[in-house]
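Undergrad: predicted model follows, preceded by the sequence.
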Amino acid sequence: MKTSFEYRSYVVSFDGAAYRADSSDGEPFTIRSRNVLRVTRAIDTLWNALGGKIPAPVWLHSPSDLIDVDAASEAMVVVDRPAVSVVPSFPIAPVAAALQAVA
């Protein structure tokens, strides 16, 4: 069974493998992802970029009429940075202290 819903002038449907958002006004522009939340966020990003609220994302300048948001997000992952530890670490060294006699 194929269900769909409209979201910000796009018809979002599941084709069995992924969600796709097709423009409801006939424009040949489709957004596709395996995650429905990623599709709706991409639509929000598209509208915010067209409204001048944010810079246009790289995937918006694609020459293709089909945007695979999953592939675009994987291309934006930074892989050359070392992982940051969330637990702070401090060097442990012996502390020299003078001994005092206790009477």
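TA: Received, thanks. Residues are numbered from 1 along each chain as shown.
Undergrad: in the chain, mark out all the helices, start to finish.
TA: For the chain, the helices defined by DSSP state H occupy 36-50, 69-75.
Undergrad: send the alpha carbons of the shortest one over as CSV?
TA: Presented in CSV, the C-alpha positions along helix 69-75 are these (Å, rounded to 0.1, in the frame of the first residue of the first chain):
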residue,chain,number,x,y,z
VAL,A,69,19.9,13.6,0.7
ASP,A,70,21.5,10.5,2.2
ALA,A,71,24.4,10.6,-0.3
ALA,A,72,24.7,14.4,0.1
SER,A,73,24.9,14.1,3.9
GLU,A,74,27.5,11.4,3.7
ALA,A,75,29.6,13.6,1.4
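Undergrad: contact partners of the helix-or-strand element of the chain with minimal mean pLDDT?
TA: Ranked by mean pLDDT, DSSP states H and E, the weakest helix or strand in the chain is helix 69-75, scoring a mean of 76. For helix 69-75, contacts defined as Cβ atoms under 8 Å, 6 or more residues apart in numbering pick out 18, 31-35, 38-39, 42, 57-59, 62. C-beta: built from backbone N, CA, C; applies to glycine.
Undergrad: and the closest residue to residue 69 other than its chain neighbours, what is it in contact with?
TA: Excluding its sequence neighbours, the residue lying closest to residue 69 (Cβ to Cβ, 6 or more residues apart in numbering) is residue 33, at 4.3 Å. Each residue near residue 33 by Cβ under 8 Å, 6+ apart is listed here: 18, 19, 39, 42, 68, 69, 70.
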